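Asker: Give me coordinates for this.
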Amino acid sequence: MKHHILPKCYLNGFTDPDVEPGREPHVYIATPTATDWRRRSPKNVAAKTEYYSFENEAGERDLTVEEMLSLVESSFARRMREFIEPRRDLDDDAKIELALFMAMMFVRVPAVHENLARFEVDHATKILQMEHAIFKKDPSAFTAFKKRHLEENGLDLESLSPDDFDPKNYELSVDHGGTVTMAFSIVTDISPIICAMNWRFFIAKPPDYFITSDYPLALINPKVRHPGLAQEHVELSLPLSRSVALFATWNAEPRRTWFDANTRQVRAMNLRTATYARDLYVGPKPDFPGEPEVRAKLAHRARRTVSAQAGPWE
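Answerer: Coordinates of the predicted model:
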């Protein structure tokens, strides 16, 4: 079963507004391996087979994450209809549900899971390197290590040697299901933080449109290299549709919530959306504010692509 990395209900907000009568709605996508903008139905964009379902200990498919995403996406679609599209100020419940959707958009993308998996592998590698060095240098430490595990855990490690702890002898990897579950475990921690920030909504007018990507939620702090949600000067942005983008900060609460965006502001938002994008850009038109810069980034990414094979979204 195909699971959408970007929700279909979300992608529907980025379809071409000028689709011909009787034709299926479409978006335009570009990737490093196919940099020309081309039409795709939202149902065929950013989907991976069984990405959010895993085999549990009983050998059955665990659909917990996928079912949770389905509930949050339904709430998002409803709140878009009730508040965002008619430009109504949010009530508390709507803001809580949209904050939960944004937290999900942060943790659901493969780039986050790849970073987590890389961290776990690096951490395990360093532990093995340290143990290998200690055991090689001090055989008594290795003897004490084996004795402790036999007494505390009943594990007989007598057949092992210090070289069995050398990470060069292994290809370390982490379980995909465990990594995704770890990512989603922080949702309940970060969604209240996002909810507490001061939100603004920017409205784009044709022919200027917002775009999205395979990593659309941008967290940027102009004063530090590594941004965090609780930092005083951090800025969070997420395009909600081709016409609406959310911008949140800890600055003083604005006197109003809704702002008409000019071409310069739409371009700036689109470049923010492109900041962390890896392999997929999605827009309602092949021409939009910031498109030359996005195309340059695609070309740079394409030059770094080792293989000419199709990318993960093709």
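Asker: my read: Gln265 touches Lys205, true?
Answerer: No - applying CB atoms under 8 Å as the test, Gln265 and Lys205 come out as separate, 10.9 Å apart. For every residue, glycine as well, the C-beta is placed using N, CA and C.
Asker: out of those two, which sits in the more crowded spot?
Answerer: Under the criterion of other CB atoms under 10 Å, the comparison of Gln265 against Lys205 puts Gln265 first, with 18 against 12.
Asker: How about the secondary structure of that one?
Answerer: helix (DSSP: H, G, I helix; E, B strand; the rest coil).
Asker: Tell me how many other residues crowd the nearest residue to it once chain neighbours are set aside.
Answerer: Closest residue to Gln265 apart from its sequence neighbours, by CB to CB, 6 or more residues apart in numbering: Phe202 at 6.2 Å. For Phe202, the count of nearby residues is 22 (other CB under 10 Å).
Asker: Could you tell me which residues make contact with Phe202?
Answerer: Phe202 makes contact with Val244, Ala245, Leu246, Phe247, Phe259, Asp260, Ala261, Gln265, Val266, Met269, according to CB atoms under 8 Å, 6 or more residues apart in numbering.
Asker: What score does the second one have for pLDDT?
Answerer: So that's Ala245. We have a pLDDT of 98 for Ala245.
Asker: Is it in a helix, a strand, or coil?
Answerer: Going by three-state DSSP: Ala245 is strand.
Asker: Quick check: beta-bridge partners of it?
Answerer: Going by DSSP bridges, Ala245 is paired in beta bridges with Phe202, Pro239.
Asker: these two touch, right, it and Pro239?
Answerer: Yes - at 4.6 Å, Ala245 and Pro239 qualify as touching, with contact defined as CB under 8 Å.
Asker: what residues are shared contacts of the two?
Answerer: Contact with both Ala245 and Pro239 is made by residues Phe210, Met269, according to CB under 8 Å, 6+ apart.
Asker: any idea where the strands of the stretch 101-250 of the chain begin and end?
Answerer: 198-203, 212-213, 218-220, 235-239, 244-249 (DSSP state E, counting those that start in this stretch).
Asker: okay, now Glu97: neighbour count?
Answerer: When counting by other CB under 10 Å, one arrives at 21 neighbours for Glu97.
Asker: In the stretch 101-250 of the chain, where is pLDDT below threshold?
Answerer: Along the stretch 101-250 of the chain, the model assigns pLDDT under 70 to no residue.
Asker: what's the residue closest to the geometric middle of this structure?
Answerer: Most central in the chain under CA atoms, centre = their mean is Val109, positioned 3.0 Å from the mean C-alpha point.
Asker: didn't that residue look like it was pressed against Ile5?
Answerer: Yes - assessed by CB under 8 Å, Val109 is found in contact with Ile5 at 6.1 Å.
Asker: what residues are shared contacts of the two?
Answerer: Common neighbours of Val109 and Ile5 (CB under 8 Å, 6+ apart) are Asp214.
Asker: for the strands of the stretch 101-250 of the chain, which one sits closest to His149?
Answerer: Nearest to His149 among the strands of the stretch 101-250 of the chain is strand 218-220; the distance by CB to CB comes to 42.0 Å.
Asker: so what strands line up beside the closest one?
Answerer: If you go by DSSP bridges, strand 218-220 pairs up with strand 235-239 (antiparallel).
Asker: CA atoms of the partner strand as CSV?
Answerer: Extracted C-alpha coordinates of strand 235-239, given in CSV (Å, rounded to 0.1, in the frame of the first residue of the first chain):
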residue,chain,number,x,y,z
GLU,A,235,11.3,31.5,12.6
LEU,A,236,9.0,28.7,11.5
SER,A,237,7.3,28.6,8.1
LEU,A,238,5.1,26.2,6.3
PRO,A,239,3.2,26.7,3.0
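Asker: rewinding a little: as TSV, the strands of the stretch 101-250 of the chain with distance to Glu171 would be great.
Answerer: Below are those laid out as TSV (distance: least, CB to CB, whole Å):
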stretch	distance to Glu171
strand 198-203	45
strand 212-213	31
strand 218-220	32
strand 235-239	37
strand 244-249	41
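Asker: Please identify the deepest-packed of those.
Answerer: Among those, strand 212-213 has the highest mean neighbour count (mean count of other CB atoms under 10 Å), at a mean of 29.
Asker: show me where the stretch 151-300 of the chain has helices.
Answerer: Secondary structure of the stretch 151-300 of the chain by DSSP state H, counting those that start in this stretch: the helices cover 176-184, 187-196, 263-273, 291-304.
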